[in-house]
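Q: what shape does this take:
(2 chains)
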Amino acid sequence: MGKFIIRRILQSFIVIVGVTLLAFLTIHLSGDPTYLFVSERASEQEIIETRAKLGFDRPLHEQYLTFLARLAQGDFGTSLRSRKPAIELVMERLPATLELTFSAMLFSLVLALPIGIISAIKRGTPLDGGIMLIAMFGQSMPSFWLGIMLLLFVGLQLRWLPISGHEPVLSLALEGNLIGAISAIPEAIRFLILPSITIGVFSLSRNARLIRSSMLEVLNQDYIVTARSKGLHQRNVILKHALKNAMLPVVTLLGLEFGFLLSGVVVTETVFSWPGVGRLVYNAITGRDIPVVQAAVVTFSFMFVLLNLLVDILYVQLDPRIRLN
Amino acid sequence: MTENRVSTLRSENLMPRSSEWRRARGSLIRARWPIVAIGLLGLLVLVTIFGPAIAPKDPNRQTLIERLLPPLHTNEDGQLDYILGSDVMGRDVLSRIIYGARVSLMVGLAAVLIGGTLGTTLGVIAGYFGGVIDDVIMRIADIQLAFPFILLTIMVLVVLGPGVLNLVIVLGVGQWVTYARIARGQTISVRSKEYVEAARSIGATNLDIILRAIVPNIVSPLIVIASFNVASVILSEASLSYLGLGVPEDVATWGKILAESRDQLLAGKWWLAVFPGIAIMLTVLSLNILGDWLRDFLDPRLRGNGM
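A: Numbering: from 1, shown residues only, chains lettered A, B, ... in the order given. Sure, this is the predicted structure:
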C-alpha cells in the first residue's frame, strides 16, 4: 500500500517534469521565441532587451533550468496585454472555473448513476433503448454547440435562465466570507445551470453507458445470483452487491474526467462569457498573449496530475485487489 | 492431381472470407442503425469528393447586399437561392458547410492515420521486443496520458499559428497512446502463438514476423478504435476552429462557421449556429454507431472498456 503510493507520487513527479519540459519546448517551436513575448509594434531595441531579459540568447538547457526556477516562484512572466503577472490573472479567475467544473462534474455523476442503473435493470426494453440513443447523441455533439443551442432556445427564446453572468461563491468563501458565500448560492446556481449542462452532457452520456455496461457485467456474476437466491430484495442486490463493484471503472475515469471537463471549460466559458480561466485563455489566444496561455496550461496540468494521484490513491482504498500488483 | 490440390486449397482460403462478409451483412441487417450510419458516411464522402460540383455557390464569395438572409430564401424570380441562409458577409451557408465537410473529414482521417501508424508501430515494437524499449515507450505513453492533451494542443497551435498541416500533426500525435497500448497488449498475446514460432523456425526475420504474422492478427481492435477516434478528432477540430486555432481565415470549416455565428446569436440569426452543428453531430454520431457495431462484430471483448 505504502509502496504503491510512493511509486505513484514518483510517477506524478516525472509527469510534472514532463509537463514543464513540454510547456518550455513548445514556445521554441517557432524558432526565436522572443517575438512571442513582445507586442507586434515592438522596436528593435525592445526586442533585443526582451531577448536578453528572458534569456533566450542563452543555451537551451540553461534556459530550461531558469524556467524551472521561475516556475517554482510562480513567475510565468507578465501578460503582454495587461502588463500584470500572468499567474496572478490565472489565479484571479480560477475560482469561477472551479465552480463551473465541479458543478458540471456533479451534474454528470449524479444523473449518470440512476440512469445507468435503470438502463441496466431494464435492459432490452424501449426505455433502455431510448436512454442509450439519447446518450449516443450526447456523445456526438460538440459541447460548445450544445451550449449555443441552450443559449439560443432556453436563454433567448424561452427566457428561463440567464445566458451570461456569474455570481461568485468560491472566491467569497476563500476570502473568509462564508455567510456571504452561502447566501449567494441560489443566485449562483441560476447562472451555473446552462454552462454546467453544456460541459457535463458528454460525460453524463459516457458515464451512463459505462455504468450500464459495467452493471450488466456485474449482474451476471455468481455472487449476484447467490444474493438473489438467498431471497434478498432486488433493491438490496442492486445497491449493496452490484453497485459497489460496478462503480470501479467509473472511479478510474474520474481523474481523467476532471481534465476532460477542464478542457471543455475553455470553449464553454467563451460561449457563456463566464469570467474564468477559460475565457482568459481564449482572449490570450486571440491576442497571442503567450505568458498567460503558458501559465494557464501549466496550472491546469498541475491540478490534473495532482487530482489523478488522489483518485488513484482512492481507488486502491476501494479495490483491494490492486494492492497485490 | 497436384494442380487439383492447389485449387482446393485456394478455394478453402477464400471460403472463410466470403462467409465473413455474409456474417457481417447479417449482423448489419439485424442491427439496423449501422446501415443508416454507413449510408450517411457514404453521403458525406460523396459530398467531400464532389463538393465543388454540388455546392450551389462559391463558399467564399461575399455578396454584401444579401447578408444574413434566413433559410429557404427565394430571389425575385421566386427561386430558392439560399437554402440554409447566408452569413454576415453574404456567403452561402450550405456551400460553406459542404466545403467544411472536406476539411473536417480530411483532418479526422489524416490525424487518425498519423496517430494510428505511429501508435501501432511503437506499440508493436514495445510488445514484440519487450525489455528496456518497452519500458521507455510505455512510460512516455503514461506521461502523455496523464496530461490534458487538448491544452498542449492549444499551446502548440498558439505558437505555430493556425494551419491545416499543423492541426493534423498536433491532433495526430495526440492520438498515438491509445493505439500503442492496444497494439502492445495484442502483440504480447500473439507473440507466443504457434504460427509465430513456426515463422521464426523457418528463419523469418523479425520484420517479416511483425508484418506478416503479427500485424494482420492484431488489426481488428485497432480498426474499432480508429472509427471512434475519427469521431473524437472531428470534435476536437471543431472546438479548436471555434477558438480560432484550427485553420486559416480563408478555409471554411464547421467549427469556424460556428465561431462566426457568435456575434449574430443575440440578433436571433439561429441558422448560422444550428446547421453546421447538425452536420458535425450527424457525422460524429454515424462514426460512433459504426464504431459500436464494429466493436461488437470484430471484438466483443472490448465492450465495457469505457470505449
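Q: I'd assumed A:Phe67 was in contact with A:Phe24.
A: Yes: taking C-beta atoms under 8 Å as the contact criterion, A:Phe24 and A:Phe67 are neighbours in contact, 5.0 Å apart. (Each C-beta comes from the backbone N, C-alpha and C, glycine too.)
Q: excluding chain neighbours, what is closest to B:Glu66?
A: B:Gly90 (4.5 Å; C-beta to C-beta, 6 or more residues apart in numbering or on different chains).
Q: what residues are up against A:Ile47?
A: With contact set as C-beta atoms under 8 Å, 6 or more residues apart in numbering or on different chains, A:Ile47 has these partners: A:34-35, A:38.
Q: after the helix or strand hosting it, next one along is what?
A: Using DSSP states H and E, A:Ile47 sits in helix A:44-54. Proceeding N to C from helix A:44-54, the next assigned helix or strand is helix A:60-72, under DSSP H and E.
Q: using CSV, list the CA coordinates for that following helix.
A: Extracted as CSV, the C-alpha positions of helix A:60-72 are listed here (Å, rounded to 0.1, in the frame of the first residue of the first chain):
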residue,chain,number,x,y,z
LEU,A,60,18.6,25.7,-24.2
HIS,A,61,19.4,23.6,-21.1
GLU,A,62,20.3,26.8,-19.1
GLN,A,63,17.1,28.4,-20.2
TYR,A,64,15.1,25.4,-19.0
LEU,A,65,16.7,25.5,-15.6
THR,A,66,15.9,29.2,-15.3
PHE,A,67,12.4,28.4,-16.5
LEU,A,68,12.0,25.9,-13.7
ALA,A,69,13.4,28.2,-11.1
ARG,A,70,11.0,31.0,-12.2
LEU,A,71,8.2,28.4,-12.2
ALA,A,72,8.9,27.4,-8.7
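Q: now the angle between helix A:44-54 and that helix, please.
A: 80 degrees (axes from the mean of the first three to the mean of the last three C-alpha atoms, to 10 degrees).
Q: what does helix A:60-72 contact?
A: Counting by C-beta under 8 Å, 6+ apart, the neighbours of helix A:60-72 from elsewhere in the structure are A:20-21, A:24, A:28, A:55-56, A:58, A:76-77, A:298.
Q: helix or strand: which one has A:Val172?
A: You called it Val, but residue A:172 is Leu. helix A:170-174.
Q: report all helices and strands that the lengthiest helix in chain B contacts.
A: Ranked by residue count, the top helix of chain B under DSSP state H comes out as helix B:93-129. Using 3 or more C-beta pairs under 8 Å, 6 or more residues apart in numbering or on different chains; DSSP states H and E as the contact criterion, the elements in contact with helix B:93-129 are helix B:33-54, helix B:131-145, helix B:164-173, helix B:176-191, helix B:215-242, helix B:254-261, helix B:271-298.
Q: mind listing what's buried in that helix?
A: Within helix B:93-129, the residues that count as buried by 16 or more other C-beta atoms under 10 Å in any protein chain shown are B:93-105, B:107-112, B:114-116, B:118-128.
Q: repeat that for stretch B:172-192.
A: By neighbour count on 16+ other C-beta under 10 Å, the buried set for stretch B:172-192 is B:172-184, B:186-188, B:190-191.
Q: can you confirm whether it lies near chain A?
A: No: among the residues of stretch B:172-192, none lie within reach of chain A under C-beta under 8 Å from any C-beta of the partner chain; the closest is 11.4 Å away.
Q: who's in contact with that stretch?
A: Contacting residues not belonging to stretch B:172-192 are listed as B:110-116, B:118-120, B:122-124, B:126-128, B:130, B:134, B:137-138, B:141, B:144-145, B:149-150, B:152-153, B:196, B:213-214, B:217-218, B:221-222, B:225, B:229, B:233, B:236 [C-beta under 8 Å, 6+ apart].
Q: what do you get for stretch A:125-140?
A: For stretch A:125-140, contacts defined as C-beta under 8 Å, 6+ apart pick out A:115, A:118-120, A:122, A:201-202, A:204-206, A:208-209, A:212, B:231, B:281, B:284-285, B:288-289.
Q: of those residues, grab the buried ones for ChimeraX.
A: Those of these that count as buried under 16+ other C-beta under 10 Å are selected in ChimeraX with:
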select /A:115,118,119,120,201,202,204,205,206,208,209,212 /B:231,281,284,285,288,289
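Q: count the neighbours of A:Gly74 for me.
A: Here the count is done by other C-beta atoms under 10 Å in any protein chain shown, and A:Gly74 has 15 residues near it.
Q: how about the contacts made by it?
A: If you count contacts by C-beta under 8 Å, 6+ apart, then A:Gly74 has A:Ile87 around it.
Q: follow-up on the earlier one: closest to chain B out of the contacts of A:Ile47?
A: A:Tyr35 (10.3 Å; C-beta to the nearest C-beta).
Q: who's in contact with the closest one?
A: Neighbouring residues of A:Tyr35 by C-beta under 8 Å, 6+ apart: A:Ile47.
Q: tell me which residue is most central in the chain.
A: All of this refers to chain A. Centrality entry for chain A: nearest residue to the mean C-alpha point is A:Leu262, 2.7 Å, by C-alpha atoms, centre = their mean.
Q: let me rephrase: I mean chain B.
A: B:Val230 (2.0 Å).
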